[in-house]
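>>> I need the structure of the sequence given here:
(chains A, B, C and D)
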Number of protein chains: 2
Amino acid sequence: MDKKQTTLKDIAAKLNVSISTVSRALQGNTRISAQTREKVLELAQEYNYFQTKHINPFSKKKIQAVGVIVPSIKYHLYAMAISGIEEVLEKHQMQIIICQSNESYEREKILVKELMDIGVSGLIVSLASETKEFDHFLEAKKRKIPLVFFNRLCDEVESDKVIIDNFKAAYDATQHLISVGCKRIAYIGGPEMLQISSTRLLGYKKALIDADIPVDEKFIETTDFTREGNLSTARKLLYSPEHADGVLAFSDQVAIGVMLAAKERGLKMAEDIAIIGFNNEPIDELLEPSLTSIDQPSYEMGVESANLILDRIENYEKEDSRKVLKSELVIRNSTNKNKL
Amino acid sequence: MDKKQTTLKDIAAKLNVSISTVSRALQGNTRISAQTREKVLELAQEYNYFQTKHINPFSKKKIQAVGVIVPSIKYHLYAMAISGIEEVLEKHQMQIIICQSNESYEREKILVKELMDIGVSGLIVSLASETKEFDHFLEAKKRKIPLVFFNRLCDEVESDKVIIDNFKAAYDATQHLISVGCKRIAYIGGPEMLQISSTRLLGYKKALIDADIPVDEKFIETTDFTREGNLSTARKLLYSPEHADGVLAFSDQVAIGVMLAAKERGLKMAEDIAIIGFNNEPIDELLEPSLTSIDQPSYEMGVESANLILDRIENYEKEDSRKVLKSELVIRNSTNKNKL
DNA sequence: ATGAAAGCGCTAACAT
DNA sequence: ATGTTAGCGCTTTCAT
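Numbers count the residues shown, from 1 in each chain, chains lettered A, B, ... in the order given. Coordinates of the predicted model:
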């Protein structure tokens, strides 16, 4: 099984020249006779010589790579963000290594370690929903490996960060629900440790308070983002006698769970229950009714994250920065009570 | 900016021992005195020593990685397949490096080269729609790097392959359209060089012929998979006086384009025009009407691809194998003419 | 129990 | 124009 690769040594031996001569010939160094160079190239061709570069080798000819860890590439937001990251890093001849934590803390930890061991020049991360300890990122800081968090981040680790103003986004969305006449507005968040979720919760509560609507804990729920989790959480909110008549959901996927539950329960969407999601996924306009959603500049988030990591690779000691990008409420029929 | 890493040499110097002693102490070699070992470990800790492994280093302690190239992780099929690949390779402590060709031949070529240069142990690939030359894969074969194609493949390169029976899938789907009473059935494929697209075309034609329906070239169209491309292709088929009354689309995304065009044109879905897509994406059941689609075992495709690459890494000289997985037509309302 | 030295594949500084 | 040699970080064999 040992398909030994051809080395400079092999070629040198065949040609009765030194290794350096071969090395230089292959590099196109001009101080080599055309004749020798030709012979070397020929033989290299014949022996199918190629050089294995390394991500972080001793030599200067290294390949630089940045590790990207996201909860799942199935989420449209992350697929878009990754495209943004690629767009930027490609121009700098940097490879990107995409990994999924699958929302698992253990897996995230392993991934961080392995990426560091491979020798990536930096890490761009959006946290797993399970993660509530951050040693693995502190380890990265110890090793002085540039680190950027985007979208899902934490206060426990100092680093560059890219987010939207989740408080404001949730506030505005809740206000919209109020403005179309919802009285019993629910919020479905993610696992508690997920900071963006609690930030949104605060925005939601503030909007209610500002409108003199009492905050009712029974209208505040969480989900684990699985399909079943989303559905059962939605059912909890809709099957009580005093069911919610407006829902702000953590994501469009969660919002779809609410739509399914509402259909099942026989509620008329928009009329009986208005729904807003997060992320503005392309399918939103194809749903029936089309789904009102908060548009996050996901591609741009990727671009900004990549720019920040480049800055920090350039100058590790620079100050941490925090980019807050603008989000936008895209109003569609799921919150249009006057539809008919 | 030069954050030099601590090396064995540094530690050895501080402790006035040899490099080998430090190396052994760190490896837990028993022939080192407990005292020395402790001192070494302490200092390593203090200096924050860590070892950079390499994907393909001289030493035995290497990290093995497999490169995965897909057209885009935005396609649900590929996100699922990647999960399948991860599932398998994870168990073998192998890293996977995910890359997107973005349907570009040039990009695919660069990716193959860079992944090989990094020193991946194998490549799992689904071709870009643009690709019609295959030198880059022949290069991989030259280098004896294990190669597996899945879903989108080509006959030009010999390698392990994983697919579904696209001919049969298209045949069955077309037959279903015929059985619900469609007379003018169209096929929307991808770029011509995409082999799965032409295979499906053959299945489509055969089904028509077997049902004594003449094949009409004006009902055979292609798209570049962009949103606009899908829509404009769909319009071509629907805006003629004798518009298509049944469509077999290359993917669910393409099928959605047809649905949008049909809505725009004022056609009643299912009744005036029946639609079938490929891939059975989760949104299919949420669409209005829900979309009939061919379910491909995408996760399983990933699993099989990973297994094949493992086999070939184990034994490069083994014979090529070709796994054909079963697909299934999932019938929903978009082809239910008797809906009302 | 520890050190010295070779070697992995290659580049580059220093001869000649 | 080409060869010699040191060296990158580490492991490993061979001495001691």
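
>>> which single residue of the stretch 101-250 of chain A ends up nearest DNA strand C?
residue A:119 (15.2 Å; C-beta to the nearest atom of the strand). The C-beta positions use only the backbone N, C-alpha and C, and glycine is treated the same way.

>>> now do the contacts for that residue.
If a contact means C-beta atoms under 8 Å, 6 or more residues apart in numbering or on different chains, then residue A:119 has A:54-56, A:65, B:52-54 as its contacts.

>>> farthest pair in the residues you listed?
A:65 and B:53 (13.6 Å; C-beta to C-beta).

>>> mutual contacts of those two, please.
Contacts common to residue A:65 and residue B:53, judged by C-beta under 8 Å, 6+ apart, are A:118-119.

>>> quick one, which of the two is more surrounded?
Between residue A:65 and residue B:53, counted using other C-beta atoms under 10 Å in any protein chain shown, the more crowded position is residue A:65 (23 against 17).

>>> so what's the more buried one bridging to?
Beta bridges link residue A:65 to residue A:95, judged by DSSP bridges.

>>> doesn't residue A:94 make contact with it?
Yes - judged on C-beta atoms under 8 Å, residue A:65 makes contact with residue A:94 at a distance of 6.4 Å.

>>> leaving aside the residues next to it on the chain, what's closest to whatever residue of the stretch 51-200 of chain A ends up closest to chain B?
Relative to chain B, the nearest point of the stretch 51-200 of chain A is residue A:98 (4.1 Å; C-beta to the nearest C-beta). Ranked by C-beta to C-beta, 6 or more residues apart in numbering or on different chains and with sequence neighbours excluded, the top spatial neighbour of residue A:98 is residue B:98, at 4.1 Å.

>>> surely that neighbour and residue B:72 touch.
No - Residue B:98 is not in contact with residue B:72 according to C-beta under 8 Å; the separation is 10.9 Å.

>>> which of those two has more residues huddled nearby?
residue B:98 (24 against 18).

>>> who's in contact with the more buried one?
Residues near residue B:98 by C-beta under 8 Å, 6+ apart: A:73, A:97-99, B:68, B:70, B:73, B:82.

>>> wait, which of the residues you listed is closest to DNA strand D?
Nearest to DNA strand D, judged by C-beta to the nearest atom of the strand, of these is residue A:97 at 21.3 Å.

>>> are we agreed that the closest one is in a strand?
Yes - assessed with DSSP: H, G, I helix; E, B strand; the rest coil, residue A:97 lies in a strand.

>>> ok, it to residue A:119 distance?
To residue A:119, residue A:97 is 11 Å away according to C-beta to C-beta, to the nearest Å.

>>> between those two, which contacts overlap?
residue A:65.

>>> count of neighbours near residue A:181?
Number of residues near residue A:181 (other C-beta under 10 Å) recorded here: 12.

>>> and the residue of the stretch 201-340 of chain A closest to chain B?
For the stretch 201-340 of chain A, C-beta to the nearest C-beta, closest residue to chain B: residue A:288, 3.6 Å.

>>> give me phi/psi at the residue nearest to that residue when sequence neighbours are not counted?
Counting by C-beta to C-beta, 6+ apart, residue B:288 is the residue found nearest to residue A:288 once chain neighbours are left out, at 3.6 Å. Note on residue B:288: backbone dihedrals following degrees, to the nearest 10 are phi -120, psi 100.

>>> same check on the one 5 residues further on?
Residue B:293 adopts backbone torsions of phi -150, psi 160, taken as degrees, to the nearest 10.

>>> repeat for residue A:248
Backbone torsions for residue A:248, taken as degrees, to the nearest 10, come to phi -100, psi 120.

>>> with residue A:105 instead?
Phi and psi for residue A:105, reported as degrees, to the nearest 10, are phi -60, psi -40.

>>> residues in contact with it?
A:128, A:130-133.

>>> how near is it to residue B:258?
Counting by C-beta to C-beta, the gap from residue A:105 to residue B:258 is 43 Å.

>>> go on, residue A:150?
Per C-beta to C-beta, residue A:150 is found 36 Å from residue B:258.

>>> correct me if wrong: residue A:49 contacts residue A:11.
Yes - contact criterion C-beta under 8 Å: residue A:49 and residue A:11 qualify, at 6.4 Å.

>>> between the two, which one's more packed in?
Between residue A:49 and residue A:11, counting by other C-beta under 10 Å, residue A:11 is the more crowded of the two (25 against 19).

>>> doesn't the more buried one lie inside a strand?
No - the assignment for residue A:11 by three-state DSSP gives helix, which leaves it out of any strand.

>>> tell me the pLDDT of it.
If you check residue A:11, the pLDDT there is 90.

>>> list the contacts for it?
Residues in contact with residue A:11 (C-beta under 8 Å, 6+ apart) are A:22, A:40, A:43-44, A:47, A:49.

>>> just the buried members of the residues you listed?
Listed as buried from those are A:22, A:40, A:43-44, A:49; burial here means 16 or more other C-beta atoms under 10 Å in any protein chain shown.

>>> ok, those residues vs residue A:155, which is closest?
Nearest to residue A:155 among the buried ones among the contacts of residue A:11, with distances taken as C-beta to C-beta, is residue A:49, at 52.0 Å.

>>> thinking again about what came up before, from the buried ones among the contacts of residue A:11, which land in helices?
Taking DSSP state H, the ones among these that sit in helices are A:22, A:40, A:43-44.

>>> include distance to chain B when you put those residues into TSV, please.
Formatted as TSV, those follow (distance: C-beta to the nearest C-beta, whole Å):
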residue	distance to chain B
A:22	19
A:40	18
A:43	15
A:44	12
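
>>> closest to residue B:338 among those residues?
Distances from residue B:338 to these, taken by C-beta to C-beta, are shortest for residue A:44, at 68.8 Å.

>>> now residue A:132. Nearest residue, chain neighbours left out?
According to C-beta to C-beta, 6+ apart, the nearest residue to residue A:132 is residue A:193 (4.1 Å).

>>> what kind of secondary structure is that neighbour in?
The three-state assignment at residue A:193 reads coil, by three-state DSSP.

>>> next, count neighbours for it.
Neighbours of residue A:193 using other C-beta under 10 Å come to 16.

>>> who's in contact with it?
A:129-132.

>>> residue A:131 against residue A:111, yeah?
No - Residue A:131 is beyond contact range of residue A:111, at 11.4 Å (criterion: C-beta under 8 Å).

>>> mutual contacts of these two, please.
Counting by C-beta under 8 Å, 6+ apart, the residues touching both residue A:131 and residue A:111 are residue A:101.

>>> what helices or strands is the host helix or strand of residue A:200 leaning on?
Secondary structure from DSSP states H and E places residue A:200 in helix A:195-210. Applying 3 or more C-beta pairs under 8 Å, 6 or more residues apart in numbering or on different chains; DSSP states H and E, one finds that helix A:195-210 makes contact with helix A:166-179, strand A:185-189.

>>> and the ones you listed as CSV, adding mean pLDDT and mean neighbour count?
Putting the helices and strands packed on helix A:195-210 into CSV (pLDDT from 0 to 100; neighbours: other C-beta atoms under 10 Å in any protein chain shown) gives the following:
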stretch, mean pLDDT, mean neighbour count
helix A:166-179, 98, 21
strand A:185-189, 98, 25
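
>>> how about the helices in chain A?
Secondary structure of chain A (DSSP H): helices at A:8-15, A:19-27, A:34-47, A:76-91, A:105-118, A:135-142, A:166-179, A:195-210, A:227-238, A:252-265, A:298-314.

>>> check contacts around residue A:124.
A:66-69, A:85, A:148-150, A:305-306, A:309.

>>> neighbours around residue A:158, how many?
With other C-beta under 10 Å as criterion, residue A:158 counts 11.

>>> pLDDT score for it?
96.

>>> need the phi and psi values for the residue nearest to it when sequence neighbours are not counted.
With C-beta to C-beta, 6+ apart as the measure, residue A:320 is the residue that lies nearest to residue A:158, at 5.6 Å, once sequence neighbours are left out. Torsion angles at residue A:320 (phi, psi; degrees, to the nearest 10) stand at phi -60, psi 140.
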